[in-house]
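> structure of the sequence below:
(2 chains)
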Amino acid sequence: MEAMLHITTLHYLVLGAALFLLGVIGVLTRRNVVVVLMSIELILNAVNLNLVAFSRMWGGIHGQVFAIFVITDAAAEAAVGLGILIAFFRNKETVNVDEVNLLKW
Amino acid sequence: MAPVATPFFFYLFAAIMLIGGIAVITRKNPVHSALALIVTLLAQSSIYLMLYAPFVAGVQVILYAGGIMVLFLFVIMLVSIDRSMKERQFNSQWVVGIVAATALAGLFVTVYIKGTSIFPDRVLPIIESDNTQKVATMLYGQYMFAFEIASLLLLVAIIGAVVMAKKRI
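Predicted coordinates for the structure are as follows:
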């Protein structure tokens, strides 16, 4: 009970790990490309949560700055990923990842 | 300002985040997934506030929930989702995927149980309120080069997205 009422860094890390696992499950099992990209966003958010929690733990600000860089990367990744998705949909008329098998033998 | 009822709000927002995350990966309609992801992101920004990171919380709301998710919703409107909603939602390797995720979960649990002593178990000092100023000083001082590289990355991403989404170049 004591461990439940006293929020430490470990609580935030466990929450981040749970969110990361949800993202991994989404990436590995879903067939819809849009949902796969959203699962990647979940993974990036789990990393951000860890960075900010560590930044709080050490009293510094480096973790927060790094989290902002990760958000920038997430924006770039979403833009390029959705551009590829539109090109893919124009060619195949589907958003199913299982049908992206041109390079598969 | 000292935080009020930290455990209660931590568990509340953690529950909202996890329920939202589960909804993201299980909903059939990608629009519902996107809305659940927005809920998750907003709850996470509240967690950032509890961690004394107001600037990151603001960036999370404006850029993530406001920018990236609108991009997602626009693209969902551009592609037709009627057909994909009628199909099977999970691929044939979902058992392997769940097993791999469970193995990863076991790894996390082991590391966190063994590594509990690494993290200092004390009440942390409250950081003073000039958080945004500190982040700005850091971004334009120590991380100047990384900041410029990030702007270049965004430029490349914009050009890449336009080229990719254009019908003929």
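> now for residue B:151: which residues touch it?
Going by C-beta atoms under 8 Å, 6 or more residues apart in numbering or on different chains, residue B:151 touches no other residue. For every residue, glycine as well, the C-beta is placed using N, CA and C.
> would you confirm that it belongs to a helix?
Yes. Counting by DSSP: H, G, I helix; E, B strand; the rest coil, residue B:151 is located in a helix.
> chain A: helices as residue ranges?
Applying DSSP state H to chain A gives helices spanning A:2-5, A:9-29, A:33-58, A:62-92.
> shaky segments in chain B?
B:1-4, B:120-128, B:169 (pLDDT under 70).
> state the distance from the spatially most central residue of it to residue B:34.
With distances taken as C-alpha atoms, centre = their mean, residue B:41 lies nearest the centre of chain B, 5.9 Å away. Taking C-beta to C-beta, to the nearest Å as the measure, residue B:41 falls 10 Å from residue B:34.
> same deal with residue A:80?
Distance, residue A:80 to residue B:34, using C-beta to C-beta: 18 Å.
> picking up where we left off before, list residues touching both of residue B:41 and residue B:34?
residue B:69.
> domain assignment for chain B?
B:1-87, B:128-169 (automatic domain parsing).
> give me whichever of these is most buried.
Among these, domain B:1-87 has the highest mean neighbour count (mean count of other C-beta atoms under 10 Å in any protein chain shown), at a mean of 18.
> taking the centroid of chain A, which residue is nearest it?
residue A:43 (2.4 Å).
> quick check: pLDDT value at that residue.
As summarised for this prediction, residue A:43 has a pLDDT of 95.
> from residue B:168, how far out is the closest residue to it other than its chain neighbours?
Leaving aside its sequence neighbours, residue A:43 sits nearest to residue A:23 (C-beta to C-beta, 6 or more residues apart in numbering or on different chains; 3.7 Å). Distance, residue A:23 to residue B:168, by C-beta to C-beta: 35 Å.
> ok, now which ones touch the residue nearest to residue A:43?
A:39-43, A:46, B:21, B:25.
> of those, closest to residue A:6?
residue A:46 (22.5 Å; C-beta to C-beta).
> so is residue B:168 in a helix, a strand, or just coil?
Secondary structure for residue B:168, judged by three-state DSSP, is coil.
> that one and residue A:93, how far apart?
The value you get for residue B:168 to residue A:93, if C-beta to C-beta is used, is 18 Å.
> do residue A:14 as well
Distance from residue A:14 to residue A:93, by C-beta to C-beta: 42 Å.
> who has more neighbours, these two?
Between residue A:14 and residue A:93, counting by other C-beta atoms under 10 Å in any protein chain shown, residue A:14 is the more crowded of the two (14 against 11).
> tell me the contacts of the more buried one?
Residue A:14 neighbours (C-beta under 8 Å, 6+ apart): B:108, B:112.
> how does it look with 7 Å?
residue B:112 (C-beta atoms under 7 Å, 6 or more residues apart in numbering or on different chains).
> what comes into contact with the one helix or strand residue B:44 maps to?
For residue B:44, the element it lies in under DSSP states H and E is helix B:30-50. Residues from elsewhere that reach helix B:30-50 (C-beta under 7 Å, 6+ apart): A:32, A:34-35, A:38, A:41, A:45, A:49, A:52, B:3, B:6, B:9-10, B:13, B:16-17, B:20-21, B:23-24, B:27, B:56-57, B:60-61, B:64-65, B:69, B:72-73, B:76, B:81.
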